[in-house]
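# prediction below, plus the sequence it came from.
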Amino acid sequence: MNKIYNCDEEVIIKSNRFKVVCIFMFFTVIELVMLSNIIYFNIESIVIKFIIMIASLFIAFGMIVYFIQIFENKPLLIINKNGFTDNSTLLSLGFISWEEVIELYEKSDYINELKNIHFIAVRLKDINKLLNTVSKIKSKLIRSNLDTILISVVTSTYKDQEVLEIMQYYFDSYKEKQMIN
């Protein structure tokens, strides 16, 4: 780790509005292209029309999420000596104590590596304990990741590796204090 952080202070990771607007515009262009294909081109295959419509719904959902993020002033992530508050996605659990965390690591897959987008993976001791604090729909969607949550900082002013380094520093400091006590 290159930097020493003061664990008595919070680190607030905010989103970069310019990045959020760019992603929103990107989704808008894709949505318009998809809808124009359905409306203006004579696509005879019902299967292809259905696939385009389903994909269009997912893109529209992404547009809504990023549109809300443009006007929302909530930080993506707040890191402190007690844990962190994750607001990075719609499936975020909110505050998670360091006591609940087993490990932190960077996660990516081949699709994300092509785009150079990575996630911060947080493996938890008992995700069910945290799932009891959120809605049933959110709980069911999160359960698919078993014991790991993923944090996306793609719209922040920080690089994912920097955020992971900060989180790891605070987590290690927490573990050290627990060993002393």
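Good, I have the coordinates.

# only C-alpha atoms from now on, for both contacts and neighbour counts.
OK.

# need the contact partners of stretch 74-91.
7-15, 65, 92-99, 138, 141-142, 151-153, 156, 167, 170-171, 173-174 (C-alpha atoms under 8 Å, 6 or more residues apart in numbering).

# buried among the residues you listed? Need that as a selection in ChimeraX.
Filtering these down to the buried ones (16 or more other C-alpha atoms under 10 Å) takes a single ChimeraX command:
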select :7,10,11,13,14,15,92,93,94,95,96,97,98,142,151,152,153,156,167,170,171,173,174
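
# out of the contacts of stretch 74-91, name the ones that lie in strands.
V11, I12, I13, G94, F95, I96, S97, I151 (DSSP state E).

# I'd like the next helix or strand past the one helix or strand in the chain whose mean pLDDT sits lowest.
Counting by mean pLDDT, DSSP states H and E, the chain has its least confident helix or strand at helix 110-115, which shows a mean of 51. Downstream of helix 110-115, the next assigned helix or strand under DSSP states H and E is strand 119-124.

# parallel or antiparallel, which strands does that next one pair with?
Neighbouring strands of strand 119-124 in its sheet, by DSSP bridges, are strand 101-107 (antiparallel), strand 148-151 (antiparallel).

# what's the local residue count around S45?
8 (other C-alpha atoms under 10 Å).

# contacts only, for the spatially most central residue of the chain.
Centroid-nearest residue in the chain: S152, 3.0 Å away (criterion: C-alpha atoms, centre = their mean). S152 makes contact with S88, T89, H118, F119, I120, D160 under the criterion C-alpha under 8 Å, 6+ apart.

# any chance of the residues you listed in JSON lines, with pLDDT, neighbour count and distance to N82 too?
Below are these laid out as JSON lines (pLDDT from 0 to 100; neighbours: other C-alpha atoms under 10 Å; distance: C-alpha to C-alpha, whole Å):
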{"residue": "S88", "pLDDT": "84", "neighbour count": "24", "distance to N82": "19"}
{"residue": "T89", "pLDDT": "78", "neighbour count": "16", "distance to N82": "21"}
{"residue": "H118", "pLDDT": "72", "neighbour count": "21", "distance to N82": "25"}
{"residue": "F119", "pLDDT": "83", "neighbour count": "20", "distance to N82": "22"}
{"residue": "I120", "pLDDT": "89", "neighbour count": "21", "distance to N82": "18"}
{"residue": "D160", "pLDDT": "85", "neighbour count": "19", "distance to N82": "21"}
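
# I39: which of the residues you listed is nearest?
T89 (32.0 Å; C-alpha to C-alpha).

# list the buried ones in the longest helix along the chain?
When every helix of the chain is counted residue by residue (DSSP state H), the longest turns out to be helix 46-71. Within helix 46-71, the residues scored as buried using 16+ other C-alpha under 10 Å are K49, I52, M53, S56, I59, A60, G62, M63, Y66, F67, Q69, I70.
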